[in-house]
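Asker: What shape does this take:
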Amino acid sequence: DVENTVQFIKRLKPYIDLIAIHCRTRKEKHDGKADWEAGKQIVEDLANDENSLPVVLNGGVTSYKDAQTVLQMTQCHAVMVANGYLCNHRKFNSISSGSRPQDLALEYLDFAQKYPPPSYLYIQLHLRWIFRDTLQPKDKDFNPQDYSDYRVRLWTFLVRPYLRSIAQYRLFVALFVKLSGGEKEDQ
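Answerer: The predicted model follows:
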């Protein structure tokens, strides 16, 4: 709860320069709705304290608009993003509204080729974030056990340990484009 969190932060205060608060519970992880009101209360409670501590809020920020909303609503000092940025970094540009997953994936693979990550697992995990909303939609008609659906098959294929090279991941993206009909500019 907020009161216990504030008391805990106050005990840490002599040892820290700022605090980052994740506005979800441990149980919710990255899938629950972020409680920005609780974040706002923490910011307010800490601001009333002498020698106020900068507060960075995290959780549920999936776009530039979300970041602006959290900053204005809570008066926090900064916003930290993670999953929203991994899914589509272009949503954090104040001008752009986003892009197709295949474009994001190919752009990421270009960077991974230029700046190789320590392990192919980094590529695999990042591509899973990029394709998550497309291949694992949250609509009620989607059945993650229905292997006749290309999305289920591709999602399962993406975690296979034999995918280890950028060339193989590029082929995965090509397969996604073919199966989804994503050659069109709006898909």
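Asker: Local confidence estimate at the residue most central in space within the chain?
Answerer: For the chain, the residue whose C-alpha lies nearest the mean C-alpha position (C-alpha atoms, centre = their mean) is Asn83; its distance is 1.0 Å. Looking at Asn83, its pLDDT stands at 85.
Asker: Contacts only, for it.
Answerer: Contact criterion C-beta atoms under 8 Å, 6 or more residues apart in numbering gives His30, Thr62, Trp129 as the residues in contact with Asn83. (Each C-beta comes from the backbone N, C-alpha and C, glycine too.)
Asker: want to throw the residues you listed into JSON lines with secondary structure?
Answerer: Below are those laid out as JSON lines (DSSP: H, G, I helix; E, B strand; the rest coil):
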{"residue": "His30", "secondary structure": "coil"}
{"residue": "Thr62", "secondary structure": "coil"}
{"residue": "Trp129", "secondary structure": "helix"}
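Asker: Buried subset of those residues, written for PyMOL?
Answerer: Listed next is the PyMOL selection for buried residues among the contacts of Asn83, using 16 or more other C-beta atoms under 10 Å:
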select buried, resi 62+129
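Asker: Strands of the protein, start to end?
Answerer: Assigned strands in the chain, in chain order: 19-22, 55-58, 78-80 (criterion: DSSP state E).
Asker: What is the first one packed up against?
Answerer: Using 3 or more C-beta pairs under 8 Å, 6 or more residues apart in numbering; DSSP states H and E as the contact criterion, the neighbours of strand 19-22 among helices and strands are helix 2-12, helix 36-47, strand 55-58.
Asker: Can I get the least confident helix or strand in the chain by mean pLDDT as CSV, trimmed to CA atoms?
Answerer: One helix or strand of the chain scores below all others by mean pLDDT, DSSP states H and E: helix 83-87, with a mean of 87. Output for helix 83-87, consisting of C-alpha atoms alone and laid out as CSV, is shown next (Å, rounded to 0.1, in the frame of the first residue of the first chain):
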residue,chain,number,x,y,z
ASN,A,83,7.9,-2.9,-22.2
GLY,A,84,6.1,-0.2,-24.1
TYR,A,85,9.4,0.9,-25.6
LEU,A,86,10.5,-2.7,-26.4
CYS,A,87,7.2,-3.3,-28.2
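Asker: Please give the centre-to-centre distance between it and its chain.
Answerer: In this view, helix 83-87 has its centroid 3 Å away from the chain centroid, taken as C-alpha atoms, centre = their mean, to the nearest Å.
Asker: One more: stretch 177-184?
Answerer: Distance of stretch 177-184 from its chain centroid, counting by C-alpha atoms, centre = their mean, is 24 Å.
Asker: ok, residues contacting that stretch?
Answerer: Where contact means C-beta under 8 Å, 6+ apart, the residues beyond stretch 177-184 that reach it are Arg100, Gln102, Thr134, Tyr150, Leu154, Phe176, Gln187.
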